[in-house]
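[1] After the sequence you'll find the predicted model.
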Amino acid sequence: MTNAEDHALILEQREPQIRLLRLNRPARLNAFTREMVADFNRHLDTLAEDRECRALILTGAGRGFCSGQDVAAADERNRHAPSGLVERMYWQEQFAGMSERIRALPQVVVAAVNGPCVGAGMAIALAADVRIVARSARFLPGAVRLGLTAGESGISYLLPRLIGASRAFEILLTGRPIEADEAERVGLAARLVDDAELLPVAEQWTRSMLANSPFATQHTKRILWENLDAASFRAAIELENRSQILASMTDDYKEATAAFTEKRAARFTGR
């Protein structure tokens, strides 16, 4: 069931509440062109308003998740029509906007990472709420090897919070890859699976999260991200308290307590 398709991105409805966004330039390992970044952001903006959608799975076509910026396209511009400062800053913000949008989505976002996951591709995988990683996966902060900084599209913020500052410093300063087994060992990957099982497992994990009420799922995501930056333990508790009381006022909370007492599955309505 394909809802929207263009040459570089395919958006599918996998189930009534689950969408899959596939990067679709396999011959270029799904490298981002500027046009593809703009389309990616438009898709996310549309999904943010989709009340039927509760989860998004990100993955790449072919043998890679995403090889980052299309370096050949950038080299062509640099040789023949180099961008000025204003244009470069605009597109830098569009690249970074992908990670910002993923984090801000009300939906749960699962990255199903296959093969190379480089630069901006690594950034969008880090911005996802959960990463399911194929054995072929390889995370690589590529920009530092191209004369740029490894801090791009939120990587310098996200990676230390996911795997710890000391390890993140070493990886970002050297530009070395994180292989799939290390990604699982250091907690970057929620689960490591065979390549053939990547999407089935990602969908299974997504369904398990959506078994909870819509309010609980959405606000748990919001609390987790917000409290990564909490000014204090007390500030984190205050946000939790507010969200917990709001949740207790929903019909789904009443249904959940009734279902627990009656030893049956809850039937959530999103109200």
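    That came in fine, so what should we check first? Numbering: from 1, shown residues only.

[2] Helix, strand, or coil at residue 92?
    Following DSSP: H, G, I helix; E, B strand; the rest coil, we place residue 92 in the helix state.

[3] Look up how far residue 103 lies from it.
    17 Å (C-beta to C-beta, to the nearest Å). (Each C-beta comes from the backbone N, C-alpha and C, glycine too.)

[4] quick one, which of these two is more surrounded?
    Neighbour count, other C-beta atoms under 10 Å: between residue 92 and residue 103, residue 103 has more, with 19 against 12.

[5] Grab the nearest non-local neighbour of that one.
    Once flanking residues are discounted, residue 103 sits nearest to residue 127: 5.1 Å by C-beta to C-beta, 6 or more residues apart in numbering.

[6] do the same with residue 170
    Here the residue nearest residue 170, using C-beta to C-beta, 6+ apart, is residue 176, at 7.9 Å.

[7] Same check on residue 222?
    Using C-beta to C-beta, 6+ apart and skipping the chain neighbours, the partner closest in space to residue 222 is residue 243 (7.5 Å).

[8] ok, now residue 9?
    Nearest residue to residue 9 in three dimensions, chain neighbours excluded: residue 39, at 5.4 Å (C-beta to C-beta, 6+ apart).

[9] just residue 214 next, same as before
    Residue 214 sits nearest to residue 270 (C-beta to C-beta, 6+ apart), 4.3 Å away.

[10] Determine the three-state secondary structure at that neighbour.
    Going by three-state DSSP: residue 270 is coil.

[11] Please shift the residue numbers so they start at 32 in all later answers.
    All set: I'll call the first residue 32, so the last point we hit is now residue 301.

[12] quick one: it and residue 248 touch, right?
    No: the criterion here is C-beta atoms under 8 Å, and residue 301 misses it with residue 248 at 10.2 Å.

[13] neighbours of residue 272, just the number please.
    The number of residues near residue 272, taken as other C-beta under 10 Å, comes to 10.

[14] With the one 5 residues further on instead?
    For residue 277, the tally of surrounding residues (other C-beta under 10 Å) stands at 12.

[15] List the contacts of the helix or strand it falls within.
    Assigned by DSSP states H and E, residue 277 falls within helix 264-279. Contacts to helix 264-279, defined as C-beta atoms under 8 Å, 6 or more residues apart in numbering, come from residues 244, 246, 247, 250, 253, 254, 257, 258, 261, 284.

[16] tell me which residues in that helix are buried?
    For helix 264-279, burial by neighbour count (16 or more other C-beta atoms under 10 Å) applies to 267, 271, 274, 278.

[17] if we can go back for a sec, tell me who's in contact with the residue nearest to residue 245.
    244, 245, 246, 283.

[18] could you measure the nearest residue to residue 147 once chain neighbours are set aside against residue 249, distance?
    Nearest residue to residue 147 in three dimensions, chain neighbours excluded: residue 95, at 4.4 Å (C-beta to C-beta, 6+ apart). Using C-beta to C-beta, residue 95 is found at 31 Å from residue 249.
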